[in-house]
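Participant: predicted model and sequence follow; I will ask about them next.
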Amino acid sequence: MHHNEKNGLRRHILIVEDEPINREILANLLSTEYEVHSAGNGKQALDILQSSEHRWSLILLDLLMPVMDGFELIEILRNDEKLRSIPVIVMTSEKEAEVKSIRMGAADFITKPYDMPDVILARCERTIELQEDQSIIRAAEKDVLTGLYTRDFFAEYIRQIEGTDPGKKRDAVVFNVDHFHLVNELYGRSQGDRVLIRIAELLTEVLNNEDGIGCRTEADYFYCYCDSGLDYEMVLEKLLKGLSDIIPTAHIRLRVGVYRDVYKELSVENWFDRAKTACDLIRGDYSRQIEYYSNDFYEKTKYQEKLINDIDGAISGKDLIVYYQPKYDIQGGEPSLRSAEALIRWKHPELGMINPGEFIPLFESNGLIQKLDHFVWEEAARQTGEWRRKYGISVPISVNVSRMDIYYPQLREMFKKLLDDNGLDTKQLLLEITESAYADNAEQLVTVIESLRKDGFMIEMDDFGSGYSSLNMLTMIPIDALKMDMKFIRNMQKDEKSMKLVELILDIAQFLHVPVIAEGVETEVQMNLLKERGCDIIQGYYFSRPVPPEEFEVFIEKEVARRKAEQG
Ligand code: C2E
Ligand code: CA
Ligand code: CA
C-alpha cells in the first residue's frame, strides 16, 4: 500500500453517512485511490467542508441521516459560491430519492446495498474526471491582452499537472511591475499595455524552455509555475533586458517573489500567496528585486512586526537619535560647511543599532513613516535653533520628506510652526524629497511643493537619476537643488557612461540655475573630479559619516574658526 507517501497529492473526498459500518466499508474501498474524510450527518459534513483548506473532489452522500439529511445538505451546497462546484454522488436504496436528488444537482448515484466495489470506484472516478474537465472548460482559458492563461485556468491546470506528475519539485513565482500605475500615468495606458504584453512574451519564452506555465492575475501581477531550481536572477535579467527599450525613458523595474519547492499539502492558492507575500515585501526597497519565501521569512515578518510594535515607544523614549552629516561647499578655496542632512538612527534596546534601510521602507509601506518623520523634523529644528544660538552662525539642516508626508494635510502649518517655535526662518530647514515621490502623484506633489516654496521653503530633489526619469518633472516642479544619486559617483571612475551622466546632470542643473549636491563622495579623487566639473556641494564619507549631534559640533566649531580667519 502506498497510503501516506503522497498524501497531499491525492484527491480529497468526503463520505457523509450515519451508519458507521457503511462508512467503514466505503472508506476502506476508496482510500486505495483517494484521501478519504468522513462525516456522520449533513451538519458535520458542512462544518468539515467550510473549515478545511482542501480542495474537495467529491462528496458521497447518504440521504437519510439525523440532524441534517442529505437533501438539506445538497440544497445548502448548491447555494454556496465556494462549495457548489463539488460533485455529489448520492447513496440510496430508494429509487424515487434518486430521481429527486439528481434533479437537485447530484452528479450520480450509487445504490444500497452497495454496488460492486469496482462499480463504485469507476463511478467516483468518472464523476471527478467530468467535473475537472468541466471546470477547465469553464475557466476562461486565455487572458485577452497578453495571451497568457487566466488565473482560474492556471490554477486548474496546475492541479491537473499535479494529478498526473505529483512527484516533481516545483516553484511558485510571482512577478510584479514596480509602480506600474506610473507607467500608465506618465506614458498612457496603451504604453502600459505594451509593457504587459512584452513581459508576457518574455515570460513565455523562458517558460517554454523550462517546461513551466504562466498567467496574469491582477493588472501587473504575473504568476509562474515551473520546475524547481530555475535561476531567477537570470530570468529577471532577461526580462529587464527585453524591457529596456520598450519605453526608452522609463526605467521599468520588476519585483520577483519566489516560493521554492512548494509544499504540496498546501493549496495552489496558498503557494502563490506565499510567493506574492515575498514579492510584496520588497516593494519600495530599491536595493532588492528578488525575494525568496523561506522559513526565515517567518522570522523576518516577526522581526518587522516587532519594529512596528516598538516604534511608538522608541519615538517617545530615547531610542531614536538624529545624526547629522555635513555638506560642504567646495567651489571656493577651502571647503566650507554649508549645511547638514538629518538622518535617523535607531538604537534598539534588544536588537542593537538598526539601519534606516531596514525600517524606512517598512514604515513607508504602512504609513508609520509620518510619525517618525515628524519626530525627526521636530528634533532637527530644535537642534538647528540651539546651534544657532550657541555658535552665532546658522547651519541649515535638511530633513527627508517621504512620499507619504506629502499627503499630510497640515504639512505647511507644521513646518511653519517648527520655524516659529525655534526662532528659525525657511532658509534653515531644507526639505529633501526623493525623486520617486515626484512621479507617484505628480499633481498633488506640484501643489504641495508650490505652496511650500511660496512660503519660502527650499526643496532639494533627492536621489536624482535613481529611478523613474524625472526630467519632465523638473520643468513642472520648481526646485532649489538637485542631489545626484550616489550610484553615479560610485561608478564615475569605472564606466564612461556614468561620468557622462554626471556631466549631464551638472548641465541640467546649470540650465535650471540650481546647485548640485553630490552624495556618497568617499575619496579625494571623486571630489576633485566633481569639483573640476562644477559641482557645488559635496556630502559623503570623504568629509564625514553621519554623526551624533555632539560630534557634529566639532564641524561647526571648525567652521566658526574658518570664517573668523577668512575675515582676517
Ligand atoms: P538618503 O536620504 O539618500 O541619505 C543618504 C544615505 O547615504 C545615508 O544613509 C548616508 O549615511 C549614506 N551616505 C552618505 N555618505 C555616504 C558615502 O560616502 N558612502 C556611502 N556608502 N553612503 C553614504 P542612511 O543614513 O543609512 O539612510 C538611508 C536612507 O534612509 C536615506 O537615504 C533616506 O532615504 C532614509 N532616511 C534616513 N533618515 C530618514 C528620515 O529621518 N526620514 C525619512 N523619511 N527617511 C530617512
Ligand atoms: Ca536624503
Ligand atoms: Ca539621497
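Facilitator: Yep, that arrived. Everything numeric here is computed off the predicted structure, so don't read it as measured data. Ligands and ions are numbered 1, 2, ... in the order given.

Participant: only C-alpha atoms from now on, for both contacts and neighbour counts.
Facilitator: Noted.

Participant: okay, now the unreliable bits of the chain?
Facilitator: 1-9, 95-96, 113-114, 136-140, 295, 435-441, 467-472 (pLDDT under 70).

Participant: check contacts around the most centrally placed residue in it.
Facilitator: With distances taken as CA atoms, centre = their mean, D280 lies nearest the centre of the chain, 2.0 Å away. Going by CA atoms under 8 Å, 6 or more residues apart in numbering, D280 touches R255, G257.

Participant: all helices for the stretch 451-568 of the chain, in order.
Facilitator: 471-476, 486-491, 496-512, 524-532, 549-567 (DSSP state H, counting those that start in this stretch).

Participant: same for the last one, what does it pack against?
Facilitator: So the one you mean is helix 549-567. strand 320-329, strand 336-348, helix 369-391 (3 or more CA pairs under 8 Å, 6 or more residues apart in numbering; DSSP states H and E).

Participant: how distant is the last one from the center of its chain?
Facilitator: Helix 369-391 has its C-alpha centroid displaced from the chain centroid by 32 Å (CA atoms, centre = their mean, to the nearest Å).

Participant: what residue in the stretch 251-400 of the chain comes nearest to ligand 3?
Facilitator: Relative to ligand 3, the nearest point of the stretch 251-400 of the chain is N400 (9.0 Å; CA to the ion).

Participant: also the chain?
Facilitator: Closest point on the chain to ligand 3, by CA to the ion, is D463, at 4.3 Å.

Participant: near ligand 1, which residues of the protein show up?
Facilitator: 343-344, 355-357, 360, 373, 376, 400-402, 463, 519-522, 539-541, 546 (CA under 6 Å from any ligand atom).

Participant: hang on, the earlier thing: wait, which of the helices and strands packed on helix 549-567 is closest to Q526?
Facilitator: For the helices and strands packed on helix 549-567, the distance to Q526 is smallest for strand 320-329, at 13.9 Å, taking CA to CA.

Participant: what segments of the stretch 101-250 of the chain are strands?
Facilitator: 108-111, 170-177, 213-216, 221-227 (DSSP state E, counting those that start in this stretch).

Participant: any chance of the ones you listed in a markdown table, with mean neighbour count and distance to ligand 3 too?
Facilitator: Converted to a markdown table, those look like this (neighbours: other CA atoms under 10 Å; distance: least, CA to the ion, whole Å):
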| stretch | mean neighbour count | distance to ligand 3 |
| --- | --- | --- |
| strand 108-111 | 20 | 68 |
| strand 170-177 | 24 | 23 |
| strand 213-216 | 24 | 35 |
| strand 221-227 | 22 | 29 |
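
Participant: with distance to S244 added, can I get those in CSV?
Facilitator: Shown next, in CSV, are those (distance: least, CA to CA, whole Å):
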stretch, distance to S244
strand 108-111, 56
strand 170-177, 13
strand 213-216, 21
strand 221-227, 18
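
Participant: how about those strands, which one is nearest E553?
Facilitator: Of these, nearest to E553 by CA to CA is strand 170-177, at 44.9 Å.

Participant: what about stretch 500-507, distance to the chain center?
Facilitator: 32 Å.

Participant: list the buried ones in that stretch?
Facilitator: L501, V502, E503, I505, L506, D507 (16 or more other CA atoms under 10 Å).

Participant: same question, stretch 18-25
Facilitator: D18, N22, R23.

Participant: what's the closest non-adjacent residue to the residue of the chain closest to ligand 3?
Facilitator: D485 (4.2 Å; CA to CA, 6 or more residues apart in numbering).

Participant: and if you look at S190?
Facilitator: N184 (7.7 Å).

Participant: wait, the one you found sits on L196?
Facilitator: No. Here N184 does not reach L196: they are 11.0 Å apart, not a contact under CA atoms under 8 Å.

Participant: quick one: contacts for V88?
Facilitator: L58, I59, L60, L61, G105, A106, A107, D108.

Participant: against Q191, how distant is it?
Facilitator: V88 is 48 Å from Q191, where distance means CA to CA, to the nearest Å.

Participant: for T146, grab the count of nearby residues.
Facilitator: As a burial measure, T146 scores 18 neighbours (other CA atoms under 10 Å).

Participant: just checking, it touches A200?
Facilitator: Yes. At 5.9 Å, T146 counts as touching A200 under the criterion of CA under 8 Å.

Participant: rewinding a little: mind telling me what element the residue of the stretch 251-400 of the chain closest to ligand 3 is part of?
Facilitator: Secondary-structure assignment from DSSP states H and E places N400 in strand 397-401.

Participant: what helices or strands is that strand leaning on?
Facilitator: Contacts defined by 3+ CA pairs under 8 Å, 6+ apart place strand 397-401 against strand 336-348, helix 369-391, strand 429-434.

Participant: neighbouring contacts of the helix or strand following that strand?
Facilitator: Once the chain leaves strand 397-401, the next helix or strand it forms, by DSSP H and E, is helix 411-422. Applying CA under 8 Å, 6+ apart, the set of residues contacting helix 411-422 from outside is E378, A381, R382, G385, E386, D405, D425, T426, L429, S451, L452.

Participant: can you pull the buried residues of helix 411-422?
Facilitator: Buried residues in helix 411-422 (16+ other CA under 10 Å): R412, F415, K416, L418, L419, N422.

Participant: now render those residues as TSV, adding distance to ligand 3.
Facilitator: Output for the buried residues of helix 411-422, formatted as TSV (distance: CA to the ion, whole Å):
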residue	distance to ligand 3
R412	23
F415	21
K416	24
L418	23
L419	24
N422	26
